[in-house]
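Student: generate coordinates for the sequence data below:
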Amino acid sequence: MSLEIERKYLPNENFDESLFSEKKSICQGFICADEQKAVRVRIKNEQGYLTVKGPSDESGLSRFEFETPIPLESAEEMLKLCLRPLIEKTRYIYVYKDQTFEIDVFHGENKGLVIIELELEDKNSKVDLPPFIGMEVTGDPKYYNAYLAKKPYLSW
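Tutor: Purely as a prediction, here's the structure:
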């Protein structure tokens, strides 16, 4: 099991989705999702993944994560067991000052939401933000995908 350390942000008025080209289509669902754990099934392009996440630490920056690839057919079958709605999004990759930002543009019942994530090696890593980054939402559970599967953005 590894430790996931990430910061989450919302975009500001300078955000323009057309600036990004490298993208992946993601569909994911949660078999189990509460404050202590989440079991996620994901299809990213044509590859399936099974992920187990533990609770966030008090800062909201890190939590234990285990992820393993699974066959696409298995992921498709497991998605049938997941909470509804499924999470549908396009993920763009943006490299800025040697940092890789993952920009998730949501669709379906979470349409209109954009979350920008930055995975870190260490909680104290220096972060340089691109000009389209707005408010930080690290540690706010309502921006977790598991929360969005229960309370989609369009219902806020």
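
Student: which ones are touching the nearest residue to residue 107 once chain neighbours are set aside?
Tutor: Excluding the flanking residues, the one nearest residue 107 by Cβ to Cβ, 6 or more residues apart in numbering is residue 88, at 4.3 Å. Heads up, the C-betas are built off the backbone N, CA and C, glycines and all. The contact partners of residue 88, by Cβ atoms under 8 Å, 6 or more residues apart in numbering, come to 26, 27, 106, 107, 108, 110.

Student: what about the residues you listed, which are in strands?
Tutor: If you go by DSSP state E, the contacts of residue 88 have 26, 27, 106 in strands.

Student: pick the one among the contacts of residue 88 closest to residue 76.
Tutor: residue 27 (9.3 Å; Cβ to Cβ).

Student: could you measure that closest one against residue 124, distance?
Tutor: As for residue 27, its distance to residue 124 is 34 Å (criterion: Cβ to Cβ, to the nearest Å).

Student: in the sheet, who's paired with the residue nearest to residue 107?
Tutor: Following DSSP bridges, residue 88 is listed with bridge partners residue 27.
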